[in-house]
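# no sequence on this one, just coordinates:
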């Protein structure tokens, strides 16, 4: 049962805004480590916690209010110069923001979060009082006001919105609240003793390290994707204006239609109808583009999650790494931004863990002590390019080939036939890992496989460039949006199929005497390059009615090949509709052509998987 019955919309609004605030706070904390005396940063972080505390108080999330209040008090002393930021103090602050995010996870399940760990609360109280943190005193440039006793400090830090426990001053506050609101008296819960400002060493011995609590599992409910989106009002105004123009044009066409139905078919009327239809076509195209823009969001909202991730992992591994962001204003379809999160998490973690050397290795290689990982985005034409680059050790193709053979992912003969670029692509094979020992960060060989799979689902590609000793760059290429897909419509028998236009290189005729047998497979020579010929009928398991007349030179799933088809309909922009409850092999979805017929959209990567190759004889066999 929800702890926020009747407040679900308020809760979702709070989580959306507070989540963005907390991500901004995390980024500012990473910057604060570099500029600990920056008053503007301290003020921004203070305001972030204050805003989160206010929203939590309105929703009566008392445990979150209490944690934010203590952290806010700590930043108040930092910005007033009563405390100085130290690495130990920053660890406590980072632990607090992590616990706040954990509490957001519980709120996302509509349940009240548990209290923060006693160790964390004690550390915050000790820091506020200028007491010992991790064996070192939190330095204070000026004498701080005398600190209250620990119990008093906790009481003073309690938020105004937190209701006193029943029984204080002989008043049953729960019963009084029930009498005023008509709500039932809540069942008494276990009393939570206020945390004591004990020495950090003793507290650490009482609770597991790190000081963040072992999160109480939230109810097992499926997490729903965010269904709301923030849109610039100027874009909505454009959609509204275009809708009005389309309405006026529709009225004009209806009037002309009425005239023609009543026999008025003079040239001026026909010309006016033609102009009105052309205008409608232009307006609908503009409206389509305007609606697509409402789905576009700056990728910076996704990028802002990663500086904290890189910072925490680098500190865990004992490395000095800075994540530099660029191109954060680049816009991408919101659904794609959500699906990019997991791949980018893997890539950022891999860059810090695998790509960046240890401090000793960097010193031996005469490299700067601080490593740089760059995460950037840019738009080129109708594609978005995302790059993750590091200045680390780079990758050696020969080592990767040897590791793939050692793990049994490919045989030695296949490995020897690969060039350097193809060898680097081996890291995306399921089960590939260069680590011999499994750690909490890597070694299981699933990370890069997940990256490749998720990028392919977005109709994207990922490429690698690496120079041993200098660094590695991974480039992700994605279409601007998944809502509308440019396709080439081909024909097989009497059915139309669509293939993504981004995979098509050119169209060539197929003549039986030009198809040759190489190792038992059908091939053709195109500009002195031998390419395999794959029949669409064979890929689909259909019986061909006629010999294929044309070939589509394609590059899909790291393969260049010729797709043999009967004919072509032309280029089109389609909206893919999923096939509910059924998933035929190699079919990504369906759409409608201009004449109302169904067009099946092909998933070329799935079609090419575990499908036997064509032979020249089978390719040109006479139809039964």
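Thanks, I have it. Values in this document were obtained by computation on a predicted structure and should not be read as measured data. Numbers count the residues shown, from 1 in each chain.

# Now do stretch 318-337: distance to the chain's middle.
10 Å (C-alpha atoms, centre = their mean, to the nearest Å).

# Any idea how many residues pack against the residue nearest to residue 228 when sequence neighbours are not counted?
Closest residue to residue 228 apart from its sequence neighbours, by C-beta to C-beta, 6 or more residues apart in numbering: residue 16 at 6.7 Å. Bear in mind the C-beta positions are built from the backbone N, C-alpha and C, glycine included. Residue 16 is flanked by 13 other residues according to other C-beta atoms under 10 Å.

# ok, now the one 10 residues further on?
Burial of residue 26 is recorded as 24 neighbouring residues (other C-beta under 10 Å).

# And the one 3 residues further on, by the same measure?
Other residues within reach of residue 29 by the criterion other C-beta under 10 Å amount to 21.

# so what's it up against?
If you count contacts by C-beta atoms under 8 Å, 6 or more residues apart in numbering, residue 29 has them with 45, 90, 93-94, 97, 308.

# Give me the domain ranges for this structure.
Following automatic domain parsing, the chain resolves into domains at 8-206, 235-294, 299-479, 485-619.

# Between those domains, which one is closest to residue 2.
Taking C-beta to C-beta, domain 8-206 is the member of the domains of the chain nearest to residue 2, at 4.0 Å.

# helices or strands up against whichever strand or helix holds residue 315?
Using DSSP states H and E, residue 315 sits within helix 306-317. Applying 3 or more C-beta pairs under 8 Å, 6 or more residues apart in numbering; DSSP states H and E, we find helix 306-317 packed against helix 8-34, helix 87-108, strand 321-326, helix 334-350.

# Please identify which of the ones you listed is closest to residue 248.
Across the helices and strands packed on helix 306-317, the minimum distance to residue 248, taken as C-beta to C-beta, is reached by helix 334-350, at 30.9 Å.

# coming back round to it: can you pick the most crowded of the contacts of residue 29?
residue 45 (25 neighbours).

# Give the helix, strand or coil label for the nearest residue to residue 358 once chain neighbours are set aside.
Spatial nearest neighbour of residue 358, chain neighbours left out: residue 319 (6.7 Å); criterion: C-beta to C-beta, 6+ apart. Assigned by DSSP: H, G, I helix; E, B strand; the rest coil, the conformation of residue 319 is coil.

# what does residue 564 give?
Classified using three-state DSSP, residue 564 is strand.

# can I assume it is in contact with residue 536?
Yes. Assessed by C-beta atoms under 8 Å, residue 564 is found in contact with residue 536 at 6.4 Å.

# Sketch out the low-pLDDT regions of this protein for me.
1, 132-227, 434-447, 483, 556-558, 580-581, 583, 609-613, 615-618, 620-624 (pLDDT under 70).

# got a list of what the residue most central in space within the chain touches?
Geometric centre of the chain, nearest residue: residue 341, 1.9 Å, by C-alpha atoms, centre = their mean. Neighbouring residues of residue 341 by C-beta under 8 Å, 6+ apart: 302, 305.

# related to what we said a few turns ago, compute the inter-axis angle for the helix holding residue 315 and helix 334-350.
20 degrees (axes from the mean of the first three to the mean of the last three C-alpha atoms, to 10 degrees).

# chain center to helix 306-317: distance?
Here helix 306-317 is found 18 Å from its chain centre; the criterion is C-alpha atoms, centre = their mean.

# which residues are in contact with it?
With contact meaning C-beta under 8 Å, 6+ apart, helix 306-317 is reached by 23, 26-27, 29-30, 33, 94, 97, 320-323, 325, 344-345, 348-349, 351-353, 356, 373, 375, 441.

# how does it look with 7 Å?
With contact meaning C-beta atoms under 7 Å, 6 or more residues apart in numbering, helix 306-317 is reached by 26-27, 30, 320-321, 323, 344-345, 348-349, 352-353, 373, 375, 441.

# cool, stretch 286-293 as well?
Residues contacting stretch 286-293 (C-beta under 7 Å, 6+ apart): 235, 238-239, 242-243, 246, 481, 483-484.

# ok, back up a step: may I see the domains of the chain arranged in CSV, with distance to residue 228 as well?
Formatted as CSV, the domains of the chain follow (distance: least, C-beta to C-beta, whole Å):
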stretch, distance to residue 228
domain 8-206, 7
domain 235-294, 12
domain 299-479, 10
domain 485-619, 22
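
# Tabulate the helices and strands packed on helix 306-317 (a markdown table), appending distance to residue 495.
Output for the helices and strands packed on helix 306-317, formatted as a markdown table (distance: least, C-beta to C-beta, whole Å):
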| stretch | distance to residue 495 |
| --- | --- |
| helix 8-34 | 44 |
| helix 87-108 | 45 |
| strand 321-326 | 46 |
| helix 334-350 | 29 |
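
# and residue 507, which of the ones you listed is closest to it?
Closest among the helices and strands packed on helix 306-317, using C-beta to C-beta: helix 334-350, at 28.9 Å.

# In that closest one, which residues are buried?
Under the neighbour-count criterion of 16 or more other C-beta atoms under 10 Å, helix 334-350 has 334-337, 339-340, 343-350 buried.

# So what's the residue count around residue 373?
24.

# so who does it touch?
By C-beta under 7 Å, 6+ apart, the residues touching residue 373 are 310, 321, 323, 348, 351-352, 390.

# rewinding a little: out of the buried residues of helix 334-350, which is nearest to residue 502?
When the buried residues of helix 334-350 are compared for distance to residue 502 (C-beta to C-beta), residue 336 wins out at 14.3 Å.

# Do I have it right that that closest one meets residue 459?
No. The criterion here is C-beta atoms under 7 Å, and residue 336 misses it with residue 459 at 9.4 Å.

# what do the two both touch?
With C-beta under 7 Å, 6+ apart, residue 336 and residue 459 have common neighbours residue 482.

# Near residue 76, how many other residues are there?
16.

# In which helix or strand does it reside?
Element membership for residue 76 (DSSP H and E) is helix 62-79.

# So what touches that helix?
By C-beta under 7 Å, 6+ apart, helix 62-79 touches 39, 42-43, 45-46, 49-50, 52-53, 56-57, 83, 85, 93, 96, 99-100, 103, 113-116, 121, 124-125, 127-128, 157-159, 161-162.
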